[in-house]
Every structure is written in structure tokens, then in C-alpha cells.
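S.K.: Pasting the sequence and the predicted model now:
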Amino acid sequence: MVNHAKSNAAKKRDKRRTAALSMADALAAYIAEQAKPEKDRKGLRPIAQQYGVPFKTLSRRYHNKQSISDFNATKQKLTVAEERVIVDFAIQSADRGIPLTHNIIENAANEILQSRLGDEFEPVGVNWCQRFLTRHSDVCKAKPIIVCTRDEKENRPGKAFPEGKGRHLTDEAFTQELERVEQEKQGKEVEKDKRKASRAAKRSEKASIEAEWRKLQEKHVEDVAKWVAVCEELAAKNVPKKNWPKKPVRPLKPKHAPGPREIPVASSSAVTLEDMAQDDETESEDSGEEFES
């Protein structure tokens with residue numbers, strides 16, 4: 001089976017563990033060197049270079065200074081020993097084939113905090129369980145621990161048993177509960193399909209709007225180019241500007257995709273010289289009729 005790609009947090013955690021192991025080996029080697037005669041000893045720098053660790057950090061660890069990982073452990077709500085108790089409990093549950101949920105692990109942590117701090121303790125946060133599993137992922141890999149996530153709660157085996165009480169598999173209430181759970185599951189699937197179809201329709205409508213908007217923009221550019229050409233031709237013929245055609249109005253972006261019977265309104269087209277000539281003839285005829293009358 002192909003493994004999943006590691007997250008950045010997992011990569012950093014593995015890097016810290018590798019560095020901690022290298023530091024422990026370097027510290028053990030330096031302590032072993034101290035038992036040798038002084039002229040035959042290796043210094044901190046050669047040992048640090050040999051194991052690829054900072055020599056200053058190695059010196060601090062040799063003089064029993066607190067490391068960053070130990071300092072960060074003091075900021076956790078549970079101590080290392082208390083977290084180990086929960087890990088052992090999870091391992092024992094895995095051996096018995098009993099899956100653990102996030103709530104069970106969180107309740108165990110809160111009980112430990114309450115026993116140590118009293119009733120005024122502050123419970124663990126929402127994301128504490130996920131960070132706890134991340135810190136102890138090496139144990140979970142070595143000894144598979146079944147932990148149901150919050151999304152898997154709806155499908156866990158005990159979901160069909162109301163109030164956590166045992167039922168006969170042929171009991172009518174048990175059968176009704178199974179049917180209700182199945183109906184809820186089907187309803188969620190239907191709602192999921194509806195949301196998926198709605199998102200697809202919105203994407204399609206958005207693409208149609210963008211395509212229509214590009215057409216309107218291109219049409220407007222063409223109309224403006226025609227209008228400029230007409231204006232230049234009229235200017236060459238010394239036609240007053242008041243008789244020039246108006247500049248095409250910039251179109252507005254459509255908010256909804258045009259339907260099968262809807263025709264998008266394009267920008268006003270540029271007026272050609274032939275149109276102006278026809279308008280002049282019409283006006284002259286009208287004026288002649290008025291003069292005769």
C-alpha cells in the first residue's frame with residue numbers, strides 16, 4: 001500500500017526526533033570521553049562535528065541545562081507521565097478491540113486534570129486530542145490504536161444502540177433505530193448531491209456570464225473603433241461636432257447568464273455616414289411638406 005505524503009508538521013516532528021537522537025548519542029560519546037586520560041580525550045567541537053550537532057547545545061546538555069523540548073513540555077496541560085497513562089490506556093483498549101473516540105481521550109485527560117488540580121481545573125481545548133495523537137504518532141504506528149474521529153462517530157458500531165444500552169438484534173426498537181440511521185445517512189447523501197449540483201450550476205452560470213461579458217467588451221471595442229473612424233471622416237468633411245454621432249455607451253456586466261429566449265443588449269452601434277445621409281433626406285422631406293402646407 002502506498003504511503004500518504006507527510007505533512008509539514010510531521011516532517012518537523014521527525015526532524016526534531018532525529019536531532020534529539022543525534023544529541024543523545026553525542027552526549028553519551030562525550031561522557032565516555034571524560035573517562036579517558038586528559039591527553040587522549042576529544043573535545044566538544046570534534047564530537048559535535050562528528051554527530052552533526054551544535055557544540056554549544058551539547059555543552060548545555062552536558063551541564064544539565066534545560067532543553068527546548070523539556071521547556072515546551074512544561075507548557076502542556078498534562079505532564080509526560082500523565083500522557084503516558086492515556087497512551088497505555090489506548091493500547092490496552094486496542095488489544096481488547098475497543099475503538100476509542102476523541103471524547104473518551106478528552107474525558108480521560110480532564111479526569112486526570114481534575115484529580116490533580118481540583119474542581120476548578122481548566123479542561124483541554126478542542127484541538128488538544130489531535131495534537132496529542134500527533135505527539136504520540138510513533139506509538140500509534142508501532143502499535144495500531146483505533147481512534148474514531150469526530151466524522152466517524154456517526155458510523156461507529158455503537159451508534160445504533162440508543163443511550164448506549166444493549167439491544168437484541170431482533171428487537172423492534174433496534175430495527176427502527178437502524179432504519180432511522182440509514183434514512184439520516186441517505187438524507188445526508190441527497191443533501192450532499194444537491195449542494196454539489198448547485199455548485200456545478202453556479203460554476204456553469206459564472207462561466208456563461210464571463211463568456212457573454214467578453215463578447216460585450218469585444219463588441220464595444222469594435223463600436224468605438226467604428227465611431228472613431230466616422231468622427232475622423234466627418235472632421236475631414238468639416239461637419240460640426242454637434243452633428244457627430246454620440247460615443248457608444250460602455251456596456252454593463254451581466255449579473256445573470258442569458259436564458260434561451262433572452263437576447264443580451266449590446267452597446268449602441270456606431271452611426272455610419274449612410275445612416276446620417278438617410279436621416280438628412282428624411283428631415284428635408286419633412287421640412288418640404290411643412291413648407292408646402
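M.R.: That came through, no problem.
S.K.: how far away is the nearest residue to residue 86 once chain neighbours are set aside from residue 118?
M.R.: Excluding the flanking residues, the one nearest residue 86 by Cβ to Cβ, 6 or more residues apart in numbering is residue 108, at 5.3 Å. (Glycine included, C-beta is placed from N, CA and C.) Distance, residue 108 to residue 118, by Cβ to Cβ, to the nearest Å: 17 Å.
S.K.: the more surrounded of those two?
M.R.: Each of residue 108 and residue 118 has its neighbours counted (other Cβ atoms under 10 Å); residue 108 has more, 18 against 8.
S.K.: Using PDB, write out the CA atom coordinates for the helix or strand hosting that one.
M.R.: Secondary-structure element containing residue 108, defined by DSSP states H and E: helix 102-117. Written as PDB, here are the backbone C-alpha positions of helix 102-117 (Å, rounded to 0.1, in the frame of the first residue of the first chain):
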ATOM      1  CA  HIS A 102     -11.800  11.700  20.700                       C
ATOM      2  CA  ASN A 103     -14.300  12.300  23.500                       C
ATOM      3  CA  ILE A 104     -13.000   9.300  25.500                       C
ATOM      4  CA  ILE A 105      -9.500  10.500  25.300                       C
ATOM      5  CA  GLU A 106     -10.500  14.100  26.200                       C
ATOM      6  CA  ASN A 107     -12.600  12.800  29.200                       C
ATOM      7  CA  ALA A 108      -9.600  10.800  30.400                       C
ATOM      8  CA  ALA A 109      -7.400  13.900  30.200                       C
ATOM      9  CA  ASN A 110      -9.900  16.000  32.000                       C
ATOM     10  CA  GLU A 111     -10.300  13.400  34.800                       C
ATOM     11  CA  ILE A 112      -6.500  13.500  35.300                       C
ATOM     12  CA  LEU A 113      -6.500  17.300  35.400                       C
ATOM     13  CA  GLN A 114      -9.400  17.300  37.900                       C
ATOM     14  CA  SER A 115      -7.700  14.800  40.200                       C
ATOM     15  CA  ARG A 116      -4.500  16.900  40.200                       C
ATOM     16  CA  LEU A 117      -5.900  20.500  40.200                       C
END
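S.K.: still on that earlier bit, and the residue nearest to residue 86, what pLDDT?
M.R.: Here the pLDDT value assigned to residue 108 is 89.
S.K.: Also residue 207?
M.R.: 91.
S.K.: how about the helices in the stretch 151-293 of the chain?
M.R.: For the stretch 151-293 of the chain, applying DSSP state H, counting those that start in this stretch gives helices covering 172-236, 273-292.
S.K.: for the stretch 1-150 of the chain, same thing?
M.R.: Using DSSP H, counting those that start in this stretch, helices in the stretch 1-150 of the chain cover 8-34, 44-51, 55-62, 68-74, 80-95, 102-117, 128-135, 137-142.
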